[in-house]
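1. no sequence on this one, just coordinates:
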């Protein structure tokens with residue numbers, strides 16, 4: 001539990017865990033239910049460290065981040081301070097927070113909905129993406145999280161949808177929405193007529209084809225950012241450009257989307273269809289099981305978690321219920337040693353085991369040196385350029401470079 005649903009035990013954590021009940025089942029259930037209610041866990045030490053680290057951007061709303069770190073071409077150290085502070089705050093929370101499951105899940109969802117933080121636009125608004133998109137929704141409803149991602153400034157720039165218009169549609173976002181964010185490549189059927197895709201007993205297509213991606217691209221035309229172009233204000237927030245939207249009828253996953261609908265409805269219907277598709281339930285459940293159990297979780301456990309995902313698709317705590325089902329599964333209790341820790345987990349778990357007292361504050365030379373060395377591990381936080389996020393499989397992280405880089409940093 002403490003090495004998969006947390007970043008490893010802090011001194012005293014094992015004794016505290018053993019005191020939660022008379023049996024392993026009682027202890028795991030009590031720990032899981034407490035961790036799934038993070039707001040009820042006092043986190044004074046972590047909060048004090050965050051407050052004393054010289055961070056100035058973590059509480060800024062999106063419009064303020066844009067105004068102070070994008071507009072006027074500020075110096076690079078000013079422009080990128082939000083993402084650099086988020087990196088340091090992430091280390092502080094992972095090492096010192098008592099809300100360990102929350103931090104494990106934040107790491108999971110950042111990789112699932114990956115945004116490259118070192119970009120000159122995505123970096124200045126990364127505080128918003130971490131705070132208001134990922135952390136605000138990761139124990140809530142997946143459909144709501146999906147729309148928050150789709151409308152976020154970071155993702156709109158990451159996948160170029162901020163430029164997508166009826167005159168120049170850009171399929172990057174729609175492609176990754178299907179392939180990475182919802183149904184996954186496992187449900188991609190290639191080039192095929194939509195009407196030729198087999199359907200399940202409820203009449204839903206069993207997978208998606210290129211035509212679904214192309215039609216979804218049309219649905220998201222006009223979803224953009226208020227960046228001062230084409231008469232829009234320059235605030236950095238989500239902005240719908242009605243004149244850019246493809247107003248004609250579309251068809252996605254056999255859902256008919258009429259012409260001339262109100263603003264945002266076309267895209268919303270696509271998100272509805274994807275969030276409610278059984279293929280999405282299986283794909284998300286499989287990824288969560290891979291993170292929390294092992295690289296090759298049993299199909300039975302994946303199916304059970306997927307069923308919770310699908311049955312609770314309208315629930316405000318849908319994702320909380322899915323994680324609970326995985327952590328209380330028989331396979332989670334019976335599995336040990338199946339996961340290889342990635343560099344972030346190696347370093348954080350070593351610091352926790354040692355009870356390390358380390359300053360991650362801005363301007364601290366030791367922190368600067370630490371983060372520079374950490375970059376050699378191959379998993380620098382929020383620095384994955386491709387939209388797929390860092391891999392989560394043994395073969396990648398057992399390679400010599402990440403192993404040696406992690407060991408050197410820990411010693």
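-> The structure has been received and is ready for your questions. None of the values given here were measured: they were computed from a predicted structure.

2. phi and psi next, for residue 224.
-> The main-chain torsion angles of residue 224 are listed as degrees, to the nearest 10 and equal phi -140, psi -160.

3. is it in a bridge, and if so with what?
-> Counting by DSSP bridges, residue 224 forms beta bridges with residue 239.

4. distance of it from residue 232?
-> Applying CB to CB, to the nearest Å, the value for residue 224 to residue 232 is 8 Å. All C-beta atoms are positioned from the backbone trio N, CA, C, and that covers glycine.

5. between the two, which one's more packed in?
-> Neighbours of residue 224 and residue 232, each counted by other CB atoms under 10 Å, are more numerous for residue 224; the result is 24 against 15.

6. close enough to count as contact, that one and residue 161?
-> Yes - under the criterion of CB atoms under 8 Å, residue 224 is in contact with residue 161, at a separation of 7.3 Å.

7. mutual contacts of the two, please.
-> By CB atoms under 8 Å, 6 or more residues apart in numbering, residue 224 and residue 161 have no common neighbours.

8. rewinding a little: need the overlap of contacts for residue 224 and residue 232.
-> Contact with both residue 224 and residue 232 is made by residues 239, 241, according to CB under 8 Å, 6+ apart.

9. just give the nearest non-adjacent residue to residue 327, would you?
-> If you skip the residues right next to it in sequence, residue 327 has residue 32 as its closest partner in space, 4.7 Å away by CB to CB, 6 or more residues apart in numbering.

10. what comes up buried for the host helix or strand of that neighbour?
-> With elements taken from DSSP states H and E, the one containing residue 32 is helix 24-35. Applying a neighbour-count criterion of 16 or more other CB atoms under 10 Å, one finds 27, 28, 29, 31, 32, 35 buried in helix 24-35.

11. now do stretch 398-408
-> Quick answer for stretch 398-408 (16+ other CB under 10 Å): 402, 403, 405, 406.

12. now, among the residues you listed, which is nearest to residue 297?
-> Nearest to residue 297 out of the buried residues of stretch 398-408 is residue 402 (CB to CB; 22.7 Å).

13. thinking again about what came up before, make a markdown table from the buried residues of stretch 398-408 and add pLDDT to it.
-> Written out in a markdown table, the entries for these read as follows (pLDDT from 0 to 100):
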| residue | pLDDT |
| --- | --- |
| 402 | 78 |
| 403 | 73 |
| 405 | 73 |
| 406 | 78 |
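
14. TSV for these, including secondary structure and distance to residue 263?
-> Output for these, formatted as TSV (DSSP: H, G, I helix; E, B strand; the rest coil; distance: CB to CB, whole Å):
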residue	secondary structure	distance to residue 263
402	helix	46
403	helix	51
405	helix	48
406	helix	48
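
15. farthest pair in those?
-> 403 and 405 (7.3 Å).

16. spatially central residue in this protein, please.
-> Per CA atoms, centre = their mean, the C-alpha nearest to the average position across the chain is that of residue 109, at 2.1 Å.

17. what packs against the helix or strand containing that one?
-> Taking DSSP H and E as the criterion, the element that holds residue 109 is helix 100-112. Judged by 3 or more CB pairs under 8 Å, 6 or more residues apart in numbering; DSSP states H and E, the packing partners of helix 100-112 are helix 24-35, helix 81-96, helix 278-292.

18. centre of the chain versus the shortest one, how much separation?
-> Read that as helix 24-35. Centroid displacement of helix 24-35 relative to its chain, using CA atoms, centre = their mean, to the nearest Å, is 25 Å.

19. I figured residue 192 hits residue 209, correct?
-> Yes - with contact defined as CB under 8 Å, residue 192 and residue 209 form a contacting pair (4.5 Å).

20. give me the more crowded residue out of these two.
-> Between residue 192 and residue 209, residue 209 has the larger neighbour count (other CB under 10 Å), namely 20 against 16.

21. quick one, phi psi at the more buried one?
-> Note on residue 209: its backbone torsions stand at phi -130, psi 170 [degrees, to the nearest 10].

22. right, and it touches residue 190 too?
-> Yes - Residue 209 sits in contact with residue 190 when judged by CB under 8 Å, with a separation of 6.5 Å.

23. helix, strand or coil for residue 145?
-> Recorded secondary structure, residue 145: helix (DSSP: H, G, I helix; E, B strand; the rest coil).

24. so how far is residue 180 from it?
-> Residue 145 is 14 Å from residue 180, where distance means CB to CB.

25. what about the two, which has more around it?
-> Remark: of residue 145 and residue 180, residue 145 carries more neighbours, 23 against 19, as counted by other CB under 10 Å.

26. and stretch 386-395, how far apart are its ends?
-> Looking at stretch 386-395, the gap from its leading to its trailing residue is 19 Å under the measure CA to CA, to the nearest Å.

27. give the buried residues for that stretch.
-> Buried positions in stretch 386-395, judged by neighbour count with 16+ other CB under 10 Å: 387, 389, 390, 392.

28. gap between it and the chain center?
-> With CA atoms, centre = their mean as the basis, stretch 386-395 stands 13 Å off its chain's centre.

29. what residues does it touch?
-> By CB under 8 Å, 6+ apart, the surrounding residues in contact with stretch 386-395 are 110-114, 158-159, 176, 180, 287, 290-291, 295, 339-340, 342, 379, 384, 397.

30. show residues contacting stretch 338-353.
-> 3-4, 7-11, 91, 94-95, 107, 293-296, 356, 358, 374, 377-379, 381, 390, 392, 394, 397-398, 402, 405-407, 409-410.

31. averaged pLDDT, that stretch. What do you get?
-> Summarised as a single mean, pLDDT over stretch 338-353 is 93.

32. any chance of the backbone angles for residue 11?
-> Phi and psi for residue 11, reported as degrees, to the nearest 10, are phi -50, psi 130.

33. what's the local residue count around it?
-> Using other CB under 10 Å as the criterion, residue 11 is surrounded by 10 other residues.

34. not counting its neighbours along the chain, what's nearest it?
-> Of all residues beyond its chain neighbours, the one nearest residue 11 is residue 355 (4.7 Å), with distances taken as CB to CB, 6+ apart.

35. how near is the one you found to residue 12?
-> 9 Å.

36. which of the contacts of stretch 386-395 are buried?
-> Under a neighbour-count criterion of 16+ other CB under 10 Å, the subset of these counted as buried comprises 110-114, 158-159, 176, 180, 287, 290-291, 339-340, 342, 379, 384, 397.
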